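Asker: My questions are about this predicted structure, shown below with the sequence.
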Amino acid sequence: MGRHSLPDQYGAGGSGPRSGTRRRVVLVAASLVLVVAAGTAVVRGGLFSLDGACRDGTVPLRLAASPDIVPALRAAARKARAEDVASDGRCVAVAVTARESAGAADALGAGRGIGAQVWVPDSELWIRRITADSNATDVTTAGTVASTPIGVGMVPDAAEALGWPDKTYDWAELAGATLGDDTVRLGAADPARSATGLLALTRLGAAAGKAEGGGTEAAAMMKALSERISADDSRLLDTLPRDASDGERDDPRRNRALVLTEQAAYTRNSGDDGGLDLFYPRDGSPRLDYPYAMVGELSTDQSRAALRFVNYLRKPEQRALLEKHGFRTDAERAPERVVERAGGRKPQPYAAPQAAPAPDAAVAEALGTWTITVQSARITTVVDASSSMSEPVEDTGRSRMDVTKESLQRALATFTEDDEIGLWEFSTRLDGDRDYRVLVPTGRLGDPSDGTVRRARLKTAFDGLRPVANGATGLYDTALAAYREANSSYVKGKFNALVILTDGVNQDRGSISRAGLISELERLADPERPVPLIVIAVGPDADLREARAIAAATGGSGQSVSDPAQIQAVMLKAIVAAGSRGGG
């Protein structure tokens, strides 16, 4: 089966089109699932045999799933086998193995397999990540099998101190209350490896962003949260106190509050440890949605068996089984038994409509901000000031430079005082024979700089950027000089990068050649001291292929934006990509 696009929203039952052929495959698969699930057709001796008779042996099917849903899927698989659930007269024999979603996504994204024909990750976010890569292994989604909302679980005395269950918070308030209290100690799983952590982080950023200075506030919260991060969801619960003793409660290594799912709290409270109360933020709980995806090229028997099993999971008996394991199976209903055991109580808004799926751009921005916040960044930004930056941006009545400056100001707000940021501008012959000029040397945002803190100086410098009348684009010499400086001033332990924004191609005939520039960048690039160059081609006159060729010499990337307003999101996306490759 071919690769397919994703549901329009988390939890949707079908996939949107990417091409004519793929559209037909998805529609056929989705239609078969929905028709059978709705009970409107029974196909005997054809695609499915629903009478439970196994005439011709078995169809083995390997299913890899997120560890939290494995017990429920294994129980369903055992029931299906005991009931002789069949596809084409052959019993469906499903073997379920646990596989962390992030690791599986890494393998599939690299074009490898995961040793299974079916994959049930914990979130559709992983499917999005894979299908965005043209080199990835094909995956075909056939809806979702369960969901669970994300909240903040706390040991009882910490929850009581924050007013649980009567007091409600939005995400920013809850993070502020927990991170601002050394006795509460909020922990989370690494958003780069956990959908739970990433979706909560995205909600946190959205909530904080509504307030003035929210970007800075969100970054500060992320910085504090990063100090109590676990590698993945399975290890997060191990950071809670092991008992109610004063020693465990006061141990600074122990978290007393966690960003976690309702299902994780349900499972914890079902065991001997127990004792978590659950806050549901009033601005909406994002959810994990457990998409059901077929992986790679399945045989006809395998694909039919896979669809037969997902249809089986949608039967009332299996929905009840999933709820018994702490999952929700209806987006409109919050099972009281699940909520109660998970630690939810009224008036916590556990039955409120779940938060709308976060847009891809918001998720990418949250992850980008997290990446640069956790590691701290040293980034020099180099902005094209050639005369073409005075060209208007369609439908805005504003120039490319004006929109660029606004986008850069928003990006600046996402950095903390420990980050090091600098600003150059370039055109041709801006400083004697040089095509570039250093406006603010790269340094720590919280440090003094010319009588003020560097952050304030950068804001002023951004505001002061102006296109140079009759100025051309001196890209090559500027790129080489800026890279030499960034390379020589590398700071170990920080994410080091150089970002160049240009709306044109090199117009300085007396400069180094492109081949010479690339050769010199390759010579300077040091894997032990990585400084990825990120070149953002702005507008229709920029050359994306050239941007990519220049950036690739350093392990960086070339990006393209048609509207300068997209610069912030694209820059953060590129930073995340460079960070994931080990840059910085």
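Answerer: Noted; the coordinates are in hand.
Asker: Which secondary structure elements does the helix or strand hosting residue 127 sit against?
Answerer: Using DSSP states H and E, residue 127 sits within helix 124-131. Using 3 or more Cβ pairs under 8 Å, 6 or more residues apart in numbering; DSSP states H and E, the elements in contact with helix 124-131 are helix 101-109, strand 139-144, helix 195-209, strand 291-295. (Each C-beta comes from the backbone N, C-alpha and C, glycine too.)
Asker: Can I get those in CSV including mean pLDDT, distance to residue 69 and mean neighbour count?
Answerer: Formatted as CSV, the helices and strands packed on helix 124-131 follow (pLDDT from 0 to 100; distance: least, Cβ to Cβ, whole Å; neighbours: other Cβ atoms under 10 Å):
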stretch, mean pLDDT, distance to residue 69, mean neighbour count
helix 101-109, 95, 10, 21
strand 139-144, 95, 11, 25
helix 195-209, 88, 13, 25
strand 291-295, 97, 11, 26
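Asker: quick one: which of these is nearest residue 552?
Answerer: helix 101-109 (19.2 Å; Cβ to Cβ).
Asker: Just give me how far that closest one sits from the chain centre.
Answerer: Relative to the chain's own centre, helix 101-109 is displaced by 13 Å; criterion: Cα atoms, centre = their mean, to the nearest Å.
Asker: Return the angle between stretch directions for it and strand 139-144.
Answerer: Angle of helix 101-109 versus strand 139-144, following axes from the mean of the first three to the mean of the last three Cα atoms, to 10 degrees, is 140 degrees.
Asker: which helices and strands sit right next to helix 101-109?
Answerer: helix 124-131.
Asker: and the helix it packs on, how far out from the chain's middle?
Answerer: Centroid displacement of helix 124-131 relative to its chain, using Cα atoms, centre = their mean, is 9 Å.
Asker: Kindly report the same for stretch 458-473.
Answerer: 33 Å.
Asker: nearest to residue 384, of the helices and strands packed on helix 124-131?
Answerer: Short answer: helix 195-209, nearest of those by Cβ to Cβ, at 27.8 Å.
Asker: Dump the helices and strands packed on helix 124-131 into TSV; add distance to residue 520 as well.
Answerer: Formatted as TSV, these follow (distance: least, Cβ to Cβ, whole Å):
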stretch	distance to residue 520
helix 101-109	32
strand 139-144	41
helix 195-209	38
strand 291-295	44
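Asker: so which of the ones you listed comes closest to residue 437?
Answerer: helix 195-209 (32.6 Å).
Asker: Which strand or helix spans the residue lying closest to residue 68 once chain neighbours are set aside?
Answerer: Excluding the flanking residues, the one nearest residue 68 by Cβ to Cβ, 6 or more residues apart in numbering is residue 263, at 6.1 Å. Element membership for residue 263 (DSSP H and E) is helix 262-270.
Asker: Using PDB, write out every CA atom in that helix.
Answerer: The C-alpha trace of helix 262-270 is given here as PDB (Å, rounded to 0.1, in the frame of the first residue of the first chain):
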ATOM      1  CA  GLU A 262      -5.400  10.200  32.200                       C
ATOM      2  CA  GLN A 263      -4.700   6.600  31.200                       C
ATOM      3  CA  ALA A 264      -1.200   6.700  32.800                       C
ATOM      4  CA  ALA A 265      -2.800   8.100  36.000                       C
ATOM      5  CA  TYR A 266      -5.500   5.400  35.800                       C
ATOM      6  CA  THR A 267      -2.800   2.700  35.600                       C
ATOM      7  CA  ARG A 268      -0.800   4.200  38.400                       C
ATOM      8  CA  ASN A 269      -3.800   4.500  40.700                       C
ATOM      9  CA  SER A 270      -4.800   0.900  39.900                       C
END
